[in-house]
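Q: kindly return the folded structure for what I paste below:
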Amino acid sequence: MKNFISLINGKFKKSISVLDRGLAYGDGFFETMLWQRFQNQKKFGVEFWVRHLMRIKKGCDLMRIKIPDETQFLEQRNKILDKTIKDGKNSGLLKLIITRGVGGRGYRFEDNMEPTLIFLSFEKPLLNETNYKLGVTTRICGTKLSQNQNLSGLKHLNRLDSVLARSEWDDDYFEGIFLDLNKNIIEGTMTNVFFVKKNILITPPIINSGINGVMRQVVIEESKRFFEKIIERPIHINEVKSFDQMFLTNSVLKILPVRQFNDNFYSINKNVIKFIDFFKFNEKGYEKRLELF
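A: Numbers count the residues shown, from 1 in each chain. Now for the predicted structure:
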């Protein structure tokens, strides 16, 4: 992959120390988000920036990783996006990685270690509009998610469960869905999962495993615009055949309808279509709805 820009601790470079604990132990967190120049082309904003920053600060606080203040985060974010815009881009994907920093051997870490702060700027992923009209196909993953209540909901750097699960299929499915040991649905390898029954939205709770995605949080908050109510509860795999609709969420896809999950087929009804349209860039109020900052 050549077409990207990386900013590491405020400097444009493409390498970190081999002793960085993010490399050695996955000792850190990350966030993936989209950014867009405003219509007047004089400024830009990152979607749900404050929410993403709050989550990474929460994770670092839990792991006792010393993190810079918000001003430094914002300065470095703007520095890499300014360069991206000078290179001719008006939108794209921004990834933020923070690790505990460089350390010696062993799991024990020193107090007051200086973290490694990495910003990566990529081209905006091309989304297939047909998938939003017809829906995508999904399957159950044979791989099981690791359970750790202390880390549940956080986007830490240990993503081997998703890596192994994604190796189970080629391009015949869009996404794989994780089950827990009781065959309850948890999430996708890169998405959160929602089902619809009549006008009620239902999603699995994130308790012992899984990621409480930013888009998941937003969908739960905004769901009252399109559904009678939302319920967070366990969803057994045998129950999915009784639902009318299914969709996936993450910060890049927003809301993506599912046509087929294993042998179960779903429709795409007006309430989900309106929810998808709610987050489209070209509609009035986009800046407010996607909390650009």
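Q: for Ile220, helix, strand, or coil?
A: Three-state call for Ile220 (DSSP: H, G, I helix; E, B strand; the rest coil): helix.
Q: measure it to Cys60 for me?
A: 24 Å (CB to CB, to the nearest Å). In short, each C-beta sits where N, CA and C put it, glycine included.
Q: those two: which is more packed in?
A: More crowded of Ile220 and Cys60, by other CB atoms under 10 Å: Cys60, with 20 against 17.
Q: do you know how far that one is from Phe73?
A: Separation of Cys60 from Phe73 (CB to CB) stands at 11 Å.
Q: with only the CA atoms kept, save the stretch of helix or strand Ile56 belongs to in PDB.
A: Using DSSP states H and E, Ile56 sits within helix 49-63. C-alpha atoms of helix 49-63 as PDB (Å, rounded to 0.1, in the frame of the first residue of the first chain):
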ATOM      1  CA  TRP A  49     -14.500  13.200  16.200                       C
ATOM      2  CA  VAL A  50     -15.400  13.900  19.800                       C
ATOM      3  CA  ARG A  51     -16.900  10.500  20.200                       C
ATOM      4  CA  HIS A  52     -13.900   8.800  18.800                       C
ATOM      5  CA  LEU A  53     -11.500  10.800  20.900                       C
ATOM      6  CA  MET A  54     -13.600  10.100  24.100                       C
ATOM      7  CA  ARG A  55     -13.400   6.300  23.400                       C
ATOM      8  CA  ILE A  56      -9.700   6.200  22.900                       C
ATOM      9  CA  LYS A  57      -9.200   8.300  26.000                       C
ATOM     10  CA  LYS A  58     -11.400   5.900  28.000                       C
ATOM     11  CA  GLY A  59      -9.400   3.000  26.700                       C
ATOM     12  CA  CYS A  60      -6.000   4.600  27.500                       C
ATOM     13  CA  ASP A  61      -7.300   5.500  31.000                       C
ATOM     14  CA  LEU A  62      -8.300   1.900  31.600                       C
ATOM     15  CA  MET A  63      -4.900   0.700  30.400                       C
END
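Q: next SSE after it?
A: helix 70-86.
Q: pull the CA atoms of that following helix into PDB?
A: Listed next in PDB are the C-alpha coordinates belonging to helix 70-86 (Å, rounded to 0.1, in the frame of the first residue of the first chain):
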ATOM      1  CA  GLU A  70      -6.900  17.200  23.400                       C
ATOM      2  CA  THR A  71      -5.000  20.200  21.900                       C
ATOM      3  CA  GLN A  72      -2.100  18.000  20.800                       C
ATOM      4  CA  PHE A  73      -4.500  15.400  19.300                       C
ATOM      5  CA  LEU A  74      -6.200  18.200  17.400                       C
ATOM      6  CA  GLU A  75      -3.000  19.800  16.200                       C
ATOM      7  CA  GLN A  76      -1.600  16.600  14.900                       C
ATOM      8  CA  ARG A  77      -4.900  15.600  13.300                       C
ATOM      9  CA  ASN A  78      -5.100  18.900  11.500                       C
ATOM     10  CA  LYS A  79      -1.400  18.700  10.400                       C
ATOM     11  CA  ILE A  80      -1.900  15.400   8.500                       C
ATOM     12  CA  LEU A  81      -5.200  16.500   7.000                       C
ATOM     13  CA  ASP A  82      -3.800  19.800   5.800                       C
ATOM     14  CA  LYS A  83      -1.100  17.800   4.000                       C
ATOM     15  CA  THR A  84      -3.700  15.400   2.600                       C
ATOM     16  CA  ILE A  85      -5.700  18.400   1.200                       C
ATOM     17  CA  LYS A  86      -2.600  19.900  -0.300                       C
END
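Q: great, nothing more from me.
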